[in-house]
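A.B. asks: compute the structure for the input listed below.
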Amino acid sequence: MSTDFKDAARRHWDDAELLDNNRRWPNADHLYGFAAECALKAVMVGLGMQLGPDGKPPKPHAVHIHQLWDQFLTFANGQGQAGYAAMLQQSNPFSAWHENQRYWGSTTIGPADAQAHCAGARQALGVLSQARQDGWVK
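C.D. replies: Now for the predicted structure:
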């Protein structure tokens, strides 16, 4: 099994959009978070983050988007790529998102949550797109 954050970002985004369009906001919201996470991890790998033999990022980057967003800002700046950090909202739009929401009741997450996380995922995918154009991500 190989890790392909770029492909995973697109797959999670596409599925999130399908679910969002069908008013399935809890699962759409969840996948927007994973799409954003995978997009940022793809850029981090392109900028030099090494993955372990299991395909996972090293600590402290082996986290989900509610923590990774802020880490990405620091990582990109530390790699001399402040432009990528500047493409993201500086206040973390995923601060209330959590991977454990897959266990939450279906009425816990509504359309406003999904739309806020959709916007954050769109920003992260924009960073990935720019990093691809710049040649950092193949």
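
A.B. asks: name the element the residue nearest the centre of the chain belongs to?
C.D. replies: The centroid of the chain falls nearest to A36 when counting by CA atoms, centre = their mean (1.7 Å). Element membership for A36 (DSSP states H and E) is helix 25-46.

A.B. asks: cool, A124 as well?
C.D. replies: Applying DSSP H and E, one finds A124 within helix 111-133.

A.B. asks: orientation of that helix relative to helix 25-46 in degrees?
C.D. replies: Between helix 111-133 and helix 25-46, the angle comes out at 20 degrees (axes from the mean of the first three to the mean of the last three CA atoms, to 10 degrees).

A.B. asks: between the two ends of stretch 54-66, what distance do you get?
C.D. replies: Terminal residues of stretch 54-66 lie 22 Å apart, using CA to CA, to the nearest Å.

A.B. asks: I'd like the mean pLDDT over it, please.
C.D. replies: If you average the pLDDT over stretch 54-66, you get 93.

A.B. asks: flag the shaky bits of the protein, pLDDT-wise.
C.D. replies: Per-residue confidence for the chain (pLDDT under 70) gives these ranges: 1.

A.B. asks: on that earlier part again, list the buried residues for the helix holding A124?
C.D. replies: Residues of helix 111-133 classed as buried: 113-114, 116-118, 120-121, 123-125, 127-128, 130-131 (neighbour count, 16 or more other CB atoms under 10 Å). In this view, the C-beta of every residue, glycine as well, is placed from N, C-alpha and C.
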